[in-house]
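*Asks:* my questions are about this predicted structure, shown below with the sequence.
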Amino acid sequence: MTSQNQADVLIIGAGIVGLAHALACAKRGLKVVVFERNPQAIGASIRNFGMVWPVGQPLGPLGDRALNSRQIWLELSAQAGFHAEKAGSLHLAYRKDEMAVLEEFVSIRASTHSVALLTPNQVLEKSPAVVKEGLLGALWSSTEVIVDPREAIAKLPDYLSKAYGVTFKFGTVVTSIADRVAIAGGEQWRGDRIFVCSGADFETLYPQHYAKSGITKVKLQMMRTAPQPNNWRLGAALCGGLTLTHYSAFADCPSLPALKERIAKETPYFPEWGIHVMMSQNGLGELIIGDTHEYGWCPHPFDRADLNNYILNYLKGFVQPPSLDIAQTWHGVYAKLPGSTELILHPESGVTIVNALSGAGMTLSFGLAEETISEIYSTSR
């Protein structure tokens, strides 16, 4: 084994979780090598809204982690040169049970000063796209940031290489790890620490540990419009009442069970397919729309037009942008551990698996990486 095939830290996976851990390690002066099996990251990290979404996290450690991630995103945007918009978000209410949940949520979070209830007229000042007819009000949150994940995930490796000397080995599959040695593209690499951040790939490295964990995969369907005409901007990221049933931040609202019951009775296909409807806009002016949630180790490889139509029909009830001409549709697959916010395992000495941020990778990865790396290196010295 030659000296150039050694590093302080080896990271498997160049998605957002791997990049976040590469940054956290490199900032501590560690020599980092990142391996990515594809020529570029193409998984769930580039197939999402690009929403950094602290409002969806409960108060406490997760909320603090999300806000820490938000700050890191803003710093990286300035340094690496990708678009990040401090857009904030609006949860729109058109039914009394939706408004009740929003009122309870604001009451619970009154001390945070980042959320407020808005009147219909105030809502339109935040976004010109909102359908005013039937609007009762909205939850405004100032903390949400929108990036284009395709742009950000593509630019971060170059930035990490130039700013911190991180080495990236794209198109290089790590096929095995033992005794702190990874076999990568047929070569041996030794690392004092190895982090496996391989997303929905449960099959290549430590499959027995994944199988025992209870982890699963989640397939989501999403869409993107062409750029909006005349440089039109959406303003705040938007979502409807369905989203209140999706994020754990709303779990303590007393009116939430009644809202869920009404949705299940009136539109059972929404909970059946885990549909909640959101919209963001990237720096190119494209609107990002989604999404669905299909669970299982082997998600169906074919997308369903009817599910996209459910999303679009619901969306039109609260959003009227200049154009909803769909330019692209796709699906992504991410890892989820039911009942947990992440999966961290230590399958052997010096090796840490970090996975299953449950669709909140953009919101939580940078904060989680700071916590994980601080804990590992503070206890190892």
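*Replies:* Thanks, I have the structure now.
*Asks:* what's the burial count for the closest residue to residue 228 other than its chain neighbours?
*Replies:* Closest residue in space to residue 228, ignoring its immediate chain neighbours: residue 285 at 4.7 Å, by CB to CB, 6 or more residues apart in numbering. For glycine as for every other residue, the C-beta is placed from the backbone atoms N, C-alpha and C. Residues lying near residue 285 (other CB atoms under 10 Å) number 17.
*Asks:* and the gap between residue 285 and residue 198?
*Replies:* Look at residue 285 and residue 198: by CB to CB, to the nearest Å, they are 33 Å apart.
*Asks:* do the same with residue 367
*Replies:* From residue 367 across to residue 198, the span is 20 Å (CB to CB).
*Asks:* and for residue 245?
*Replies:* Distance of residue 245 to residue 198, given as CB to CB: 30 Å.
*Asks:* could you check which of those two has the larger neighbour count?
*Replies:* Ranked by neighbour count (other CB under 10 Å), residue 245 and residue 198 place residue 198 first, with 27 against 21.
*Asks:* next up, phi/psi of residue 129, please.
*Replies:* phi -90, psi -10 (degrees, to the nearest 10).
*Asks:* was I right to think it contacts residue 235?
*Replies:* Yes - at 7.3 Å, residue 129 and residue 235 qualify as touching, with contact defined as CB atoms under 8 Å.
*Asks:* quick one, which of those two is more surrounded?
*Replies:* With neighbours defined as other CB under 10 Å, residue 129 and residue 235 compare such that residue 129 has more, 22 against 19.
*Asks:* for the more buried one, list the residues it contacts.
*Replies:* If you count contacts by CB atoms under 8 Å, 6 or more residues apart in numbering, residue 129 has them with 234-235, 238, 279, 319-321.
*Asks:* ok, now with 6 Å
*Replies:* By CB atoms under 6 Å, 6 or more residues apart in numbering, residue 129 lies in contact with 234, 319-321.
*Asks:* who's in contact with residue 209?
*Replies:* Shown in contact with residue 209 (CB under 6 Å, 6+ apart): 345, 347.
*Asks:* and residue 181, bridged to which residues?
*Replies:* With DSSP bridges as the criterion, residue 181 is bridged to residue 178, residue 190.
*Asks:* so it touches residue 190, yeah?
*Replies:* Yes - taking contacts as CB atoms under 6 Å, residue 181 lies within contact range of residue 190: 5.2 Å.
*Asks:* ranges for the helices of the stretch 1-150 of the chain?
*Replies:* Secondary structure of the stretch 1-150 of the chain (DSSP state H, counting those that start in this stretch): helices at 16-26, 61-80, 96-108, 120-126, 149-164.
*Asks:* and if you look at the stretch 151-300 of the chain?
*Replies:* So, for the stretch 151-300 of the chain - with DSSP H, counting those that start in this stretch - the helices run 207-213, 256-266, 269-272.
*Asks:* figure out which of the ones you listed is closest to residue 46.
*Replies:* Closest of those to residue 46 is helix 207-213, at 22.5 Å (criterion: CB to CB).
*Asks:* gap between that closest one and the chain center?
*Replies:* Relative to the mean C-alpha coordinate of its chain, helix 207-213 is positioned 23 Å out (CA atoms, centre = their mean, to the nearest Å).
*Asks:* report the buried residues of it.
*Replies:* 209-210, 213 (16 or more other CB atoms under 10 Å).
*Asks:* and if you look at stretch 263-277?
*Replies:* Buried, per 16+ other CB under 10 Å, within stretch 263-277: 263, 270, 273-277.
*Asks:* residue 121 versus residue 265, what's the distance?
*Replies:* Counting by CB to CB - residue 265 and residue 121 are separated by 32 Å.
*Asks:* what's stretch 11-22 in contact with?
*Replies:* Residues outside stretch 11-22 that contact it (CB under 6 Å, 6+ apart): 32, 34-36, 41, 43, 45, 156, 160, 166, 174, 195-199, 354, 361, 365-366, 369.
*Asks:* which among the residues you listed count as buried?
*Replies:* Those of those that meet the buried threshold are 32, 34-36, 41, 43, 45, 156, 160, 166, 174, 195-199, 354, 361, 365-366, 369, by 16+ other CB under 10 Å.
*Asks:* among the residues you listed, which lie within strands?
*Replies:* Filtering the buried ones among the contacts of stretch 11-22 for membership in strands, criterion DSSP state E, returns 32, 34-36, 174, 195-196, 354.
*Asks:* ok, of the residues you listed, which one's closest to residue 95?
*Replies:* residue 354 (39.3 Å).
*Asks:* do I have it right that the closest one meets residue 196?
*Replies:* No - Residue 354 is beyond contact range of residue 196, at 7.2 Å (criterion: CB under 6 Å).
*Asks:* which one is residue 262 nearest to, not counting chain neighbours?
*Replies:* residue 97 (5.9 Å).
*Asks:* list the contacts for that neighbour?
*Replies:* Residue 97 neighbours (CB under 6 Å, 6+ apart): 258-259, 262.
*Asks:* roughly how far does it sit from residue 104?
*Replies:* Distance, residue 97 to residue 104, by CB to CB: 11 Å.
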